[in-house]
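J.: coordinates only, sequence not included:
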């Protein structure tokens, strides 16, 4: 799907700093600690605060950048999920269940819809340690052979410096080859944040490694006269916040009389529900009903079973949400509940008790207005992010989001995580985005980056995107 470039730039370099938080990156740049990234940010009008998708987790949160779609639209609603359509026919194998840990990460591209990615829009590209490779020729994937090794070493030995070093070397090599598109993911910030917290010394070291790599790559481009016509975009898929308590939702469901299957316990013949955790800050719960696993169980039926009330009574659970029989979305906290409905591209929101979003009731708002109203709320962009998730056939019947300081995976997270993402809370939903081109918008969604970049590159985006082309100055 490559198209001739008539835009302002002839090449794009996208850097994914997996797990970068807006506050930490902004502070390091303001302190003069990251001069190369600071130079890019200055050209674009500063480090921008964007809102990522829900769930705010690796994998699903790559999709808005690379495809301009939300995870629900792409039918990849989490890091782990169950497919109602396929589970009973392929219970012990994919595509009935998915978890993108280990070898199963290789199936991520196959689970994506038949829609173009950035790779499809450029005639030449290089891919570096990036999870999403759909549209990329394997020969252009510079780290495809070493990636499983560096990921395993990073995850189990807390040695993400190797992955950062591999990515840094490959970025400079790719800059020398100067293709139209380079996608490079740095994983150290996320990995070391999980190990301790988002401000740990190892995390700061990862940011500095990235900054040096960007400086070296730009120096290569300047030497070849290619720097001025290169558009740089630096983004994060999700934020992070330190964790002090792990909640075992599967055991809670067992105690409520709903025998639960979950990763890695997938062999329960008596299971009445399934629980699929993402990023550890959110989880999706699927209930068996009269159609087995095939039909979605509406909020009204789940509420009648008193499951939302029971989960909200658990310390650390912030919010539960489900889709009602009429298609609306109900979100409930311990203090109040709200109802979200979309019709003909416009949103209405009302509540009873304490307002879960703190923005007041509204109606007749388009997606941009919804973002403005809810961006700084305690659950950013919830009126759009929750409904988009329920578009997916693979999404759960009930979504649970944890409070800051808590996560939802008490067992089987080896090694133990001390920092979390995935939840619908500001430090995990707000992410930094840097453009080397002037940016008009102060706040936007990460899905908006995709069409904006294509316009700057002189390429026509495909129809049916979730992202809005209104971020950059022309």
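T.: Happy to help now that I have it. Given the structure is predicted, the values throughout are model-derived calculations rather than measurements. Residues are numbered from 1 along each chain as shown.
J.: same for the lowest-mean-pLDDT helix or strand in the chain, what does it pack against?
T.: Every helix and strand of the chain was ranked by mean pLDDT, DSSP states H and E. The lowest is helix 147-157, at a mean of 86. Packing partners of helix 147-157 (3 or more CB pairs under 8 Å, 6 or more residues apart in numbering; DSSP states H and E): helix 161-177, helix 188-195. Backbone N, C-alpha and C define where each C-beta goes, glycine included.
J.: So for residue 238, which of these sits nearest?
T.: Nearest to residue 238, of all the helices and strands packed on helix 147-157, is helix 188-195, at 8.1 Å by CB to CB.
J.: If I take the closest one and helix 161-177, what angle do their directions form?
T.: When axes from the mean of the first three to the mean of the last three CA atoms, to 10 degrees is applied, the directions of helix 188-195 and helix 161-177 differ by 170 degrees.
J.: neighbouring contacts of the one helix or strand residue 370 maps to?
T.: Per DSSP states H and E: residue 370 is located in helix 367-374. With CB atoms under 8 Å, 6 or more residues apart in numbering as the test, helix 367-374 has contacts from 51, 345, 347, 357, 359, 362, 365, 380-384, 443-445, 468, 470.
J.: Quick one: residues contacting the nearest residue to residue 308 once chain neighbours are set aside.
T.: Closest residue to residue 308 apart from its sequence neighbours, by CB to CB, 6 or more residues apart in numbering: residue 320 at 4.6 Å. By CB under 8 Å, 6+ apart, the contact list for residue 320 reads 308, 311, 312, 331, 332, 398, 399, 400, 401.
J.: pLDDT wise, what is the fifth one at?
T.: The confidence metric pLDDT takes the value 97 at residue 332.
J.: what about it, neighbour count?
T.: 22 (other CB atoms under 10 Å).
J.: per-domain residue ranges of the protein.
T.: What automatic domain parsing lists as the domains of the chain is 11-71+112-241+425-456, 245-420.
J.: Indicate which one of those domains is closest to residue 83.
T.: domain 245-420 (4.9 Å).
J.: How about stretch 408-422, which residues are buried there?
T.: 408, 409, 417, 418, 419, 420, 421, 422 (16 or more other CB atoms under 10 Å).
J.: So residue 352, which state does it fall into?
T.: Recorded secondary structure, residue 352: strand (DSSP: H, G, I helix; E, B strand; the rest coil).
J.: ok now do it, which residues does it touch?
T.: 336, 337 are the contacts of residue 352 under CB under 8 Å, 6+ apart.
J.: Name the residues linked to it by a beta bridge.
T.: residue 337 (DSSP bridges).
J.: Pull the distance from the one helix or strand residue 420 maps to to the chain's centre.
T.: For residue 420, the host element (DSSP H and E) is strand 419-420. From the chain centre to the centre of strand 419-420 is a distance of 14 Å (CA atoms, centre = their mean, to the nearest Å).
J.: Just list what it packs against, helices and strands only.
T.: helix 188-195, strand 241-242.
J.: moving C-terminal of it, what's the next helix or strand?
T.: Counting by DSSP H and E, what follows strand 419-420 is helix 426-429.
J.: Just say helix, strand or coil for residue 467.
T.: Under three-state DSSP, residue 467 comes out as coil.
J.: Need the phi and psi values for it.
T.: phi -70, psi 150 (degrees, to the nearest 10).
J.: now it: how far from residue 190?
T.: 23 Å (CB to CB, to the nearest Å).
J.: Same check on residue 391?
T.: Counting by CB to CB, the gap from residue 391 to residue 190 is 27 Å.
J.: Those two: which has the busier surroundings?
T.: residue 190 (29 against 16).
J.: Surely that one touches residue 19?
T.: Yes: in this structure, residue 190 is within contact of residue 19 by CB atoms under 8 Å, at 2.8 Å.
J.: Can you check which residues contact both of these two?
T.: 58, 240, 421.
J.: Quick one: these as CSV, columns for distance to residue 129 and pLDDT too.
T.: Below are the shared contacts of residue 190 and residue 19 laid out as CSV (distance: CB to CB, whole Å; pLDDT from 0 to 100):
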residue, distance to residue 129, pLDDT
58, 12, 94
240, 19, 98
421, 19, 97
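J.: returning to what we had before: how about the buried residues of stretch 408-422 in JSON lines, adding distance to residue 369?
T.: Below are the buried residues of stretch 408-422 laid out as JSON lines (distance: CB to CB, whole Å):
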{"residue": "408", "distance to residue 369": "31"}
{"residue": "409", "distance to residue 369": "35"}
{"residue": "417", "distance to residue 369": "36"}
{"residue": "418", "distance to residue 369": "38"}
{"residue": "419", "distance to residue 369": "33"}
{"residue": "420", "distance to residue 369": "30"}
{"residue": "421", "distance to residue 369": "27"}
{"residue": "422", "distance to residue 369": "26"}
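J.: now, which of the residues you listed sits nearest residue 439?
T.: residue 421 (24.1 Å).
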